[in-house]
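Colleague: My questions are about this predicted structure, shown below with the sequence.
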Amino acid sequence: MKILIAQGGGPTAVINQSLVGAVMAAKEAGHEIIGSRHGIKGIIDEDFVELHSLDNEKLMKVAETPSSALGSTRDKPDEEYCTKILNIFQKHEITGFLYIGGNDSSETIRLVLEAAKKANYAMKGFHIPKTVDNDLMENDHTPGFPSAARFVAKAIMGLDRDNEALPGVHICIIMGRHAGFLTCAGGLGGAHRVYIPEIPFNLDHFAKEVKETVEQHGRAVLAISEGIQDADGNPIISHFVDQETDAHGNLQLSGLPLGNVLADFLKEKGVAKRVRQDTFGYPQRCYPDASKVDQTEAFECGKVAVKSLQSDLSSGSITIKRTSNSPYTVEIAPVDLDKVANLTRHLPEEYYDKESKNITEAGRDYLMPLIGEIPQMERL
């Protein structure tokens, strides 16, 4: 079998683990496997890399390197785009397609396979999960998330110490368009309050809650999802600035001044004189301090994807399901692509306390096995 593998969407600290896991499994099984540079765009451009010819030592170094080694893309294929992809597959006699990515990448796999079916071209395709947002259905968690959550928890631990030394309000804006998983990791780091997209955000209630926190603790560290929404489902930032959309129709949240807007709002309300903000932004995705669990599971997802290509299944999405919390164990296996493609998973209610606006014990129990050991802080 000739297999093509590509990486799509935002990179992560462990996406190359999945790439190399697939390449190693394909080599072991005697398959030819090539990589497409910059996702499906590289397929159209026929910009390929012969991965099966690389030696294992180099591959393992690539696996431990953050970000997408093949490059990525945000392209969304329409019918014409899919036809072009299919023509390239036929030209190069590619019958196995693996795409590492999130919601949009899983939808891309589905669209390409539909085009192949219409053209009566025999091929198989499997989606390999990846997203720091942790919002893929059928998964306990997705590769990339544990490492990003580890970054968030440790970054807020440091900011919490800073904030105690020089008290005030510190706002931390964290990735998360529709799901609050990553922001909840801020609760592990000591954030006094956590605000997520799943719970409607009210500016006046926010000011009141922060004021109460300052009165109680003399300061406030806040973890806030970039995707916080009002009661009508509109992003809070849309109340203040115009927004653009990407190729998949998603509102562009990165690079917008949500932290500045909220900081100015709290100052105007007289909540605190000293209000600071940081937008964690892109460092969350590829910071070179990956979770060990994340590395291991991402690699295994790549291996399972190749094994799935060799099975009786024609398509699917690889998933991680937790089978035990203590000791921590998981099962990695494919599910129907339709159960994942173009769908969004949200933070379970039991992981978040709406009253305290923070992570619950159940949420802590969920996160701790994923992020690994974090520093223990001491006070005088």
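Modeller: Sure thing, it's come through. Here the structure is a predicted model, which is why all the values come from computation and not from measurement.
Colleague: Just give me the neighbour total for residue 334.
Modeller: Residue 334 has 21 neighbours, counted by other Cβ atoms under 10 Å. C-beta here means a position set from N, CA and C on the backbone, and glycine is covered the same way.
Colleague: Kindly report the same for residue 205.
Modeller: Neighbours of residue 205 under the rule other Cβ under 10 Å: 11.
Colleague: Distance of residue 82 relative to residue 75?
Modeller: Going from residue 82 to residue 75 by Cβ to Cβ, to the nearest Å gives 11 Å.
Colleague: for residue 109, same thing?
Modeller: Applying Cβ to Cβ, the value for residue 109 to residue 75 is 13 Å.
Colleague: all strands of the stretch 151-300 of the chain, in order?
Modeller: Counting by DSSP state E, counting those that start in this stretch, one finds strands in the stretch 151-300 of the chain at the ranges 169-174, 193-195, 220-225, 275-279.
Colleague: just those strands: most buried one?
Modeller: strand 220-225 (a mean of 29; mean count of other Cβ atoms under 10 Å).
Colleague: How far away from the center of its chain is it?
Modeller: In terms of Cα atoms, centre = their mean, to the nearest Å, the centre of strand 220-225 is set 19 Å apart from its chain centre.
Colleague: helices or strands up against the top helix by length along the chain?
Modeller: Among the segments of the chain that qualify as a helix by DSSP state H, the longest is helix 145-165. Helix 145-165 is packed against strand 169-174, helix 181-188, strand 220-225, helix 283-286, helix 292-309, helix 361-371, with contacts defined by 3 or more Cβ pairs under 8 Å, 6 or more residues apart in numbering; DSSP states H and E.
Colleague: Take those and write them to CSV, including distance to residue 70.
Modeller: As requested, the helices and strands packed on helix 145-165 are exported to CSV (distance: least, Cβ to Cβ, whole Å):
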stretch, distance to residue 70
strand 169-174, 27
helix 181-188, 24
strand 220-225, 29
helix 283-286, 14
helix 292-309, 13
helix 361-371, 26
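Colleague: so which of these comes closest to residue 40?
Modeller: Of all those, helix 292-309 sits nearest to residue 40, with 16.7 Å by Cβ to Cβ.
Colleague: Could you pull out the buried residues of the closest one?
Modeller: Within helix 292-309, the residues scored as buried using 16 or more other Cβ atoms under 10 Å are 293-295, 297-309.
Colleague: Could you tell me which strands the following helix or strand past that helix is paired with, and in which direction each runs?
Modeller: Following helix 292-309 in sequence order, the next helix or strand is strand 315-325 (DSSP states H and E). Strand 315-325 has the following sheet partners, assigned by DSSP bridges: strand 124-129 (parallel), strand 328-335 (antiparallel).
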